[in-house]
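*Asks:* sequence first, then the predicted structure:
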Amino acid sequence: MKIFRSKRNVFALCLAAILPFAWVSGADTTVTSLKGNKVTVQDANLIAIPGHDDILVVSPINQLPLNISPNVSFEEAPKWEWVETRPKPMEATFSSNNHEVKVEVDFETKAKKNNLDADDAETVIVRLLMLELEVEKDQLVLLEENTLSIEGKNNLPSGVLDSVKFEIKRDGETAWYEIQDGPKTEFTGKARVAGTFIVRATLDLSGTEVLTNEEEIEVKFPNPTEILSGSGVRARMDQAWADTKNATTSTSRREEGYWIALDTDGNGTYAISHHSTGPVVDNDTTASWSLPFRPADNPANPTPIEDGVVYSVGWFHTHTPMTYRIGSRLSGPSGPDQSAATNSNIDSPGFAYDYEVSVIPSGHPIDSSAKVYNITPPDRRTTP
């Protein structure tokens, strides 16, 4: 999956048990028109599948009749030529049972009222099969796997489903991008592009295309724990700490830092960018390191199906030893560190390598225990 709350437009199959065609409506709705082989029900279309006269597909369905009121009123539905002699369904009783809706039409009563032969009385049973796009995770982190699948596909008659096309678009945009097209009814892949996206599927049912519901997915940037667990991330921080200690003398010291980059291509790779060292200062001067604004993504505006994007997901810097200094200081993130993390041009979690003790005294041994501190908020870069 190139990428990867819900916009519930489900589509459904209607299998007529007695009549090869039945007019079906939700509560307080009516059949409004018949054009060719399509009956308009609200904003949905009942589509006859070539070669399967007993199958009707609603595509896409905007209001699914799951909460049905009894005695639903129908307009006098237009007739197909081959049902001219049958009484027109004027009323029906719906009952919901999971994904099934039973439709009973009292043709015997209608026949008597219309002076027709009672032998024409029939009961029509319609089974509503819900075919729905299912998303395993509606929120996930870059490089996490997700699965899209079609629920209810096993209820389809054999040979009806020819292919499934899964598509994706960025929320708020109009262009759809194909993820997969073919006979498979499931797709699994890694999220490689961050953002909020909409996914859908188009099913080819014996040559007739129908759309599924649309689902929203958010792909997030990693948080500090996830970044630190990335291959090579902690080792590079350890090296920077060792370099900082090695650069410390009895008269000078300096900090160093860099941005942490994640390339989502393949299995994903962490690297560093914009590495630099701070100015060398004497023991009477506070050491510092200049954090550059967050580097641009590459590509800057990725499509939802990019094979990989290089994102800056966090930043790191070291603090300096107190071994040769007079006085003391607090360990961990400083006030300026905290402010930098929330700057709109940074908007990413940071990390600071420093000693473990809460207050670092003058003459503190240079090789004393140290650790990486998280600098949050934010807990993760904001999803674009």
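*Replies:* Nice, I can see it.
*Asks:* okay but Ala201 is in contact with Val164, surely?
*Replies:* Yes: applying CB atoms under 8 Å as the test, Ala201 and Val164 come out as touching, 5.5 Å apart. (Each C-beta comes from the backbone N, C-alpha and C, glycine too.)
*Asks:* quick one, what contacts Thr264?
*Replies:* For Thr264, the contacting residues are Leu142, Leu143, Lys190, Ala191, Arg192, Val193, Gly308, Val309, Val310, Tyr311, by CB atoms under 8 Å, 6 or more residues apart in numbering.
*Asks:* looking at those, which are in strands?
*Replies:* Those of those mapping onto strands are Lys190, Val310, Tyr311, per DSSP state E.
*Asks:* now the buried members of these.
*Replies:* Lys190, Val310, Tyr311 (16 or more other CB atoms under 10 Å).
*Asks:* give me the residues contacting stretch 358-378.
*Replies:* 224, 228, 234, 237, 241, 245, 248, 316, 321-333, 337-338, 340-342, 347-357.
*Asks:* what helix or strand does Tyr373 sit in?
*Replies:* Here Tyr373, judged by DSSP states H and E, is contained in strand 370-375.
*Asks:* now that strand: average pLDDT?
*Replies:* For strand 370-375, the mean pLDDT works out to 98.
*Asks:* ok, stretch 197-212 next?
*Replies:* 88.
*Asks:* and if you look at stretch 236-250?
*Replies:* Per-residue pLDDT values over stretch 236-250 give a mean of 98.
*Asks:* wait, is Ala341 part of a strand?
*Replies:* No: counting by DSSP: H, G, I helix; E, B strand; the rest coil, Ala341 is not part of a strand but helix.
*Asks:* for Glu134, what are its contacts?
*Replies:* Contact partners of Glu134, counting by CB under 8 Å, 6+ apart, are Leu148, Ser149, Ile150, Glu151.
*Asks:* show me which of those are buried.
*Replies:* Leu148, Ser149, Ile150.
*Asks:* surely the last one touches Leu205?
*Replies:* Spelled out, it's Ile150. No: with contacts counted by CB under 8 Å, Ile150 stays clear of Leu205, the gap being 11.4 Å.
*Asks:* below-threshold pLDDT in this protein: ranges please.
*Replies:* Scanning the chain for pLDDT under 70 picks out 1-130, 155.
*Asks:* which residues of it fall in helices?
*Replies:* Counting by DSSP state H, the chain has these helices, from start to end: 107-113, 224-228, 233-246, 335-342.
*Asks:* reformat those as a markdown table; add distance to Glu178 and mean neighbour count.
*Replies:* Output for the helices of the chain, formatted as a markdown table (distance: least, CB to CB, whole Å; neighbours: other CB atoms under 10 Å):
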| stretch | distance to Glu178 | mean neighbour count |
| --- | --- | --- |
| helix 107-113 | 47 | 16 |
| helix 224-228 | 29 | 18 |
| helix 233-246 | 34 | 16 |
| helix 335-342 | 38 | 14 |
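*Asks:* can I get these in a markdown table including distance to Glu214?
*Replies:* Output for the helices of the chain, formatted as a markdown table (distance: least, CB to CB, whole Å):
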| stretch | distance to Glu214 |
| --- | --- |
| helix 107-113 | 39 |
| helix 224-228 | 28 |
| helix 233-246 | 36 |
| helix 335-342 | 34 |
